[in-house]
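**Student:** need a 3D model of the sequence below.
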Amino acid sequence: MSLTVDLRHRFGAFALEVDFEAPEGITALFGRSGSGKTTVVNAVAGLLRPDTGRIAVEGVTVFDSGARVNLAPHRRRFGYVFQDARLFPHLDVAGNLAYGLRFSPRGAAGASLDEVADLLGLETLLGRRPGALSGGEKQRVAIGRALLSRPRMLLMDEPLAALDAARKSEILPYLERLRDRTGLPILYVSHAVAEVARLATTVVVLEGGRVVQAGPAEQVLSDPALVRQIGIREAGAVLPATVTRHHADGLSELAISGGRVFLPQIDLAQGERTRVRILAHDVILSRAAPEGLSALNILPATVIALREGSGPGVMVQMKCGTDRLLARITRRSADALGLAPGVGVHAVIKSVSVARIDVGGG
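**Tutor:** Okay, the predicted model is just below:
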C-alpha cells in the first residue's frame with residue numbers, strides 16, 4: 001500500500017507545498033515546529049481542505065481539487081492518534097478499545113480486541129479507567145482503539161510528545177511491534193530524531209512548508225545535510241544490524257555490514273534484526289588501526305565527504321561496509337589526519353556511548 005500526497009495550501013504568509021510518496025511501513029514526517037507536519041497529516045485525515053492538490057491511498061483518491069473529490073474523514077477510513085490520548089473517562093480500557101469497533105466497516109478484516117490487547121500489552125489493564133493509567137498506557141489504548149476501527153492506515157501526530165523519557169522508552173517497543181506485525185502503513189509526525197531513527201521506514205523532511213529530503217530512513221538520517229534541521233548534537237548515522245551473540249560479561253554482539261559492534265546487553269534474541277543510531281560526536285577517527293585502546297568497536301571505513309561549518313568543527317561522512325557513518329571532529333584534526341574523499345580511516349566507538357533509546361527492536 002502506498003500514499004500519494006501532492007498539496008498546496010496557504011495560511012497567511014505561510015505557504016505549504018509538498019509532494020511525496022509514502023510506501024509500506026512507517027513514513028515519518030520530520031522537521032522543526034512550524035515546518036508544516038501537522039498541516040499535512042490533517043489534510044490527509046480530511047480535517048483540513050487544501051487549496052489545491054491530490055491525496056490517494058491504495059489507489060483510492062480521497063482528495064482531488066481538480067476532480068472536486070473530497071471524501072469526508074469517516075469515509076477515508078484512517079485511524080488518527082493525537083498527542084493526547086483523548087480516552088473516554090467513564091469507560092474502562094476494554095470499553096475504550098471496543099469503541100473503535102463501532103467504526104469498523106462490516107466484514108472488514110482485522111485483529112480482534114483480545115489480539116490488539118496482546119499486541120499492545122494491555123491484557124492486565126482492561127478493567128482500569130483512564131484516570132488510573134500512566135501516559136504511556138493511555139497512548140497504547142488510543143492506538144488500540146484506532147486499530148480496532150480497521151483503518152486503511154494510521155495517522156499519528158507526535159503521539160509521544162507529551163511523555164517523559166521513561167514513558168517514551170516504555171512505548172517505543174510496542175510501536176515497533178505494531179510496525180513489524182501488522183503491516184499497516186503509518187504516517188508518523190515527529191521532531192524527535194531518536195523516535196524517527198527507531199521507527200521509520202521512510203523519512204520525509206519538511207522545512208518551511210516544503211520537502212527538503214525524502215527517502216529510506218538509514219539514508220536520510222545519515223546525511224550530514226540534516227544537521228540544519230536537528231542540530232550538531234543530534235547528528236549521527238543509523239545502521240541496520242543483526243544480533244549475533246549475547247556474551248556472559250553483559251555485552252551483546254551485533255553484525256553490521258562493515259564488521260561487528262559490541263553494546264551493553266539488549267533485549268533481543270540472537271538472529272533478530274535491529275537498528276543502531278551512532279551519534280557523530282561519539283566517533284573518534286584514526287588513520288592507522290589503533291592498538292591498546294579500551295574501546296571495543298573499531299570499524300574500517302572510507303571517507304566520502306567533509307562538511308565544514310562556521311565553527312571549528314568538521315562533519316566527516318564515511319562508508320562503512322554498505323552503510324554510512326558520521327564523525328564530528330575539529331578542522332585541525334581533519335587537517336592533521338589528511339582527511340579527504342577516498343582516504344581510509346578507522347572509526348572508534350565506545351560501547352557505552354550508545355544510548356539504549358538509540359537501539360531499535362524488531
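
**Student:** and residue 15, how many neighbours does it have?
**Tutor:** With neighbours defined by other CB atoms under 10 Å, the count for residue 15 comes to 14. To be clear about C-beta, it is placed using only N, CA and C from the backbone, and glycine gets the same treatment.

**Student:** what sits up against stretch 34-42?
**Tutor:** Here stretch 34-42 makes contact (CB atoms under 8 Å, 6 or more residues apart in numbering) with 5, 7, 9, 11, 14, 16, 18, 29-31, 48, 155, 157-158, 187, 189-191, 206-210.

**Student:** show me where this protein dips below the pLDDT cut-off.
**Tutor:** 1, 355-358, 361-362 (pLDDT under 70).

**Student:** got the buried residues for the lengthiest helix in it?
**Tutor:** Secondary structure of the chain read by DSSP state H shows that its longest helix is helix 165-182. Across helix 165-182, burial judged by 16 or more other CB atoms under 10 Å covers 167-172, 174-176, 178-179, 182.

**Student:** need those in JSON lines (columns: distance to residue 75).
**Tutor:** Converted to JSON lines, the buried residues of helix 165-182 look like this (distance: CB to CB, whole Å):
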{"residue": "167", "distance to residue 75": "34"}
{"residue": "168", "distance to residue 75": "34"}
{"residue": "169", "distance to residue 75": "37"}
{"residue": "170", "distance to residue 75": "35"}
{"residue": "171", "distance to residue 75": "30"}
{"residue": "172", "distance to residue 75": "32"}
{"residue": "174", "distance to residue 75": "29"}
{"residue": "175", "distance to residue 75": "27"}
{"residue": "176", "distance to residue 75": "31"}
{"residue": "178", "distance to residue 75": "24"}
{"residue": "179", "distance to residue 75": "26"}
{"residue": "182", "distance to residue 75": "22"}
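
**Student:** for these, which one is nearest residue 274?
**Tutor:** Closest to residue 274 out of those is residue 176 (9.3 Å), distances taken as CB to CB.

**Student:** circling back to that earlier point, list buried residues within the contacts of stretch 34-42.
**Tutor:** When neighbours are counted using 16+ other CB under 10 Å, the contacts of stretch 34-42 contain these buried positions: 5, 7, 9, 16, 18, 29-31, 48, 155, 157-158, 187, 189-191, 206-207, 209.

**Student:** before we move on, back to that, and for the longest helix of the chain, what's in contact with it?
**Tutor:** So helix 165-182 is in contact with 25-26, 111, 119-121, 134-136, 139-140, 143, 147, 160, 163, 184, 186, 195, 198-199, 201, 356-357, 360-362, going by CB under 8 Å, 6+ apart.

**Student:** now stretch 256-276
**Tutor:** With CB under 8 Å, 6+ apart as the test, stretch 256-276 has contacts from 197-198, 218, 238-247, 250-254, 296-297, 299-301, 320-323, 325, 349, 351-352, 354, 356, 358-362.

**Student:** what about 6 Å?
**Tutor:** For stretch 256-276, the external contacting residues (CB atoms under 6 Å, 6 or more residues apart in numbering) are 238-243, 250-254, 296-297, 299, 320-323, 351, 354, 359-361.

**Student:** stretch 17-31 too?
**Tutor:** With CB under 6 Å, 6+ apart as the criterion, stretch 17-31 contacts 1-8, 37, 40, 179, 185-190, 196, 199-207, 210-211, 214.

**Student:** which strand or helix spans the residue nearest the centre of the chain?
**Tutor:** For the chain, residue 196 is the residue whose C-alpha lies nearest the centre (CA atoms, centre = their mean; 2.1 Å). In the assignment (DSSP states H and E), residue 196 maps to helix 193-199.

**Student:** report the buried residues of that helix.
**Tutor:** For helix 193-199, burial by neighbour count (16+ other CB under 10 Å) applies to 193-199.
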